[in-house]
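S.K.: build me a model:
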Amino acid sequence: MIRIKTIASLVDKDSKLVDIGTDHGYLPIYLYENEITKNVTGSDISSNALKFAKANFEKHNLSDKIKLIVSDGFKNLDEKYDTAVISGMGTDTIKKILNIDNIPNKLIISSHKNVDELRLFMNEKGYKIIKEIVLQENDIFYDIIKYEKGNEILNKYELLVGKSNSLEYEKHLLEKYKIIYNKSKNKKYLDYINIIEKKLD
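M.R.: Next up is the predicted model:
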């Protein structure tokens, strides 16, 4: 639930929002019931994927309040949204979803792997980081980033580690890259280690 609350904390009041890959629909329910925004839509790739969200909306008496749309990313979303949330997927899937022209000006994204690649992709797509929050649950780090249309120059450290200023996350990445480098001897990871160690000094 802490991840849902954190994502919700990044949503602008009363913004028109779509939750892509809504799964059980927990975020739309939280946004609606906490009056952050009632103009919210949940979408997922198949009607089967949406059955859990549908059941939860019925449980909360929200079936006629929150729309559910079967859509592969933005493909079946005809309306314009202020904000899209994309959470719980890998960076490659997120990049495919965002590889279109007419996406919202604000995006809240949480990728569970290769977040450095996501930051580079979003930077090149013309989005800037408004806020980045790292959560730790059960020894897993979750990186949640709010983007807005606009340009910024990210240095190598910011592309690699982000802008959360979480020392624990920084140390976690350092250890992770040390393990990968010791196994692979790939110099890319040695560069990553040097970038983080330089900042830690």
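S.K.: return the set of buried residues in the helix or strand harbouring Arg119.
M.R.: In this structure, Arg119 is located in helix 115-124 according to DSSP states H and E. Using 16 or more other CB atoms under 10 Å as the test for burial, helix 115-124 gives Val115, Asp116, Glu117, Leu118, Arg119, Phe121, Met122, Asn123. Yep, even glycine has a C-beta here, placed from its N, CA and C like the rest.
S.K.: what is the nearest of those residues to Pro104?
M.R.: Met122 (12.9 Å; CB to CB).
S.K.: quick check: angle from the longest helix seen in the chain to helix 115-124?
M.R.: Assignment by DSSP state H gives helix 167-184 as the longest helix of the chain. With axes from the mean of the first three to the mean of the last three CA atoms, to 10 degrees defining the directions, helix 167-184 sits at 110 degrees from helix 115-124.
S.K.: I'd assumed Asp64 was in a strand, is it?
M.R.: No - under DSSP: H, G, I helix; E, B strand; the rest coil, Asp64 falls outside any strand and is assigned coil.
S.K.: which residues of this protein fall in strands?
M.R.: 17-20, 40-44, 67-70, 83-89, 106-111, 127-137, 140-149 (DSSP state E).
S.K.: dump those to a markdown table, plus mean neighbour count, mean pLDDT and distance to Tyr169.
M.R.: What follows is those, written out as a markdown table (neighbours: other CB atoms under 10 Å; pLDDT from 0 to 100; distance: least, CB to CB, whole Å):
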| stretch | mean neighbour count | mean pLDDT | distance to Tyr169 |
| --- | --- | --- | --- |
| strand 17-20 | 26 | 97 | 25 |
| strand 40-44 | 24 | 95 | 29 |
| strand 67-70 | 16 | 94 | 34 |
| strand 83-89 | 22 | 95 | 17 |
| strand 106-111 | 24 | 97 | 13 |
| strand 127-137 | 17 | 95 | 4 |
| strand 140-149 | 19 | 95 | 5 |
